[in-house]
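1. My questions are about this predicted structure, shown below with the sequence.
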Amino acid sequence: MKKLLLYLTMLSILSIWSCEEPATLLPSISGCTDEFSFNYHPDANEDDGSCMPMHGCLGWVGGYSKSGQIISSLGHAAYDQKFWKEVAIQRAFFQQIPAQVSILLEPEPELKNAYASSDGQIRFGYYMFWDILDQYGELPVASILAHEWGHRTQFHSNWNDYNQPAHMELEADAFSGFYLFLAKRWAWSQIQDVYQALMDFGDYNFNHPQHHGTPNERYAAARLGVELGKYAVENERQFSYKELHDIFIEQIRTQIKPRSLEEKPVEYSEITFPEGVTDEEVRKLFPRE
């Protein structure tokens, strides 16, 4: 009898469960599920492989949820003037390398960045500008813009002999160092701030497609550009962009990039600008095609 009652009770429970409505299934929504992509789709629950990553400084894409927007001002008249003056200086230095520079308001401070693209654009982030200025100073801001102009040089020249993406980034650091030595000697007291910023931005994500180089590698790449700038002044040597590329990429491949994970502190002697050299003489050393 007890067994019969137990059986009937279980049957009753099962009948109750069978009457419940089935769980509602969420509709499948395809899209980019990576929140660090320009085209991130917050409602997507199925990644469709369309993500356009925001990491790194190459290839800004407009018109998407996290593209940000182009603005006309940094919100500070004095720094607007300084920024556009710096753009003019770099345009004169990177002669024959076209670039349309604009200020990009990133979607949020955590996504601060600066970008260069193959279609001739340089987007300098609003939050990037103020963060670098607050932490490091004005010359590091100029170094980032020159890094992006280095990328524009790569795009414009159609160089494709990079063994890995980090080589492009380190070469852009070298172009930046070359620019700083030749065009910004009046601000040379801030060069250590540039080196510190580069080391702080270095990473050890060797397998990531946007790996920019380790702290020491980025420092060494910038120093490579600075040292070549000093050589150019001392020897009255004007380099072509191709000549600079050949020197930079060879040194990056053989001397800078082949490093172990455990980096030792790198110490370099201070580099000073040769005396008695006029601005006009230096301008004749700006790179050419």
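-> On my side now, so go ahead. Numbering: from 1, shown residues only.
2. So Pro107 sits against Tyr40, correct?
-> No - in this structure Pro107 lies outside contact range of Tyr40 using CB atoms under 8 Å: 9.6 Å. Quick note: C-beta positions are derived from backbone N, CA and C, even for glycine.
3. in the sheet, who's paired with Ala114?
-> Counting by DSSP bridges, Ala114 forms beta bridges with Phe124.
4. what's around it, how many residues?
-> 21 (other CB atoms under 10 Å).
5. you'd agree it is up against Phe124?
-> Yes - at 4.8 Å, Ala114 counts as touching Phe124 under the criterion of CB under 8 Å.
6. Report the set of residues contacting both of these two.
-> 104, 144-145, 148 (CB atoms under 8 Å, 6 or more residues apart in numbering).
7. how far away is the nearest residue to Tyr204 once chain neighbours are set aside from Val282?
-> Nearest-residue entry for Tyr204: Thr214, 5.9 Å, with adjacent residues in sequence omitted and distances by CB to CB, 6 or more residues apart in numbering. For Thr214, the distance to Val282 equals 32 Å [CB to CB, to the nearest Å].
8. Which one of those two is surrounded by more residues?
-> Between Thr214 and Val282, Thr214 has the larger neighbour count (other CB under 10 Å), namely 23 against 18.
9. Find the centremost residue of this structure, please.
-> Centrality entry for the chain: nearest residue to the mean C-alpha point is Cys57, 3.1 Å, by CA atoms, centre = their mean.
10. And that residue, what's its pLDDT?
-> Cys57 is assigned a predicted lDDT (pLDDT) of 83.
11. which residues sit in contact with it?
-> 113-116, 147-148, 151, 169 are the contacts of Cys57 under CB under 8 Å, 6+ apart.
12. go on, Lys257?
-> 164, 166-167, 170, 213, 217.
13. which of the residues you listed are buried?
-> 166-167, 170, 213, 217 (16 or more other CB atoms under 10 Å).
14. Generate TSV for those residues, with secondary structure and distance to Ala78 as supplementary columns.
-> As requested, those are arranged in TSV below (DSSP: H, G, I helix; E, B strand; the rest coil; distance: CB to CB, whole Å):
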residue	secondary structure	distance to Ala78
Ala166	helix	36
His167	helix	38
Leu170	helix	33
Gly213	coil	33
Glu217	helix	35
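15. I'd like to know how many residues surround the closest residue to Arg253 other than its chain neighbours.
-> The shortest distance from Arg253 to any non-neighbouring residue, by CB to CB, 6+ apart, is to Asn163 (6.6 Å). As a burial measure, Asn163 scores 10 neighbours (other CB under 10 Å).
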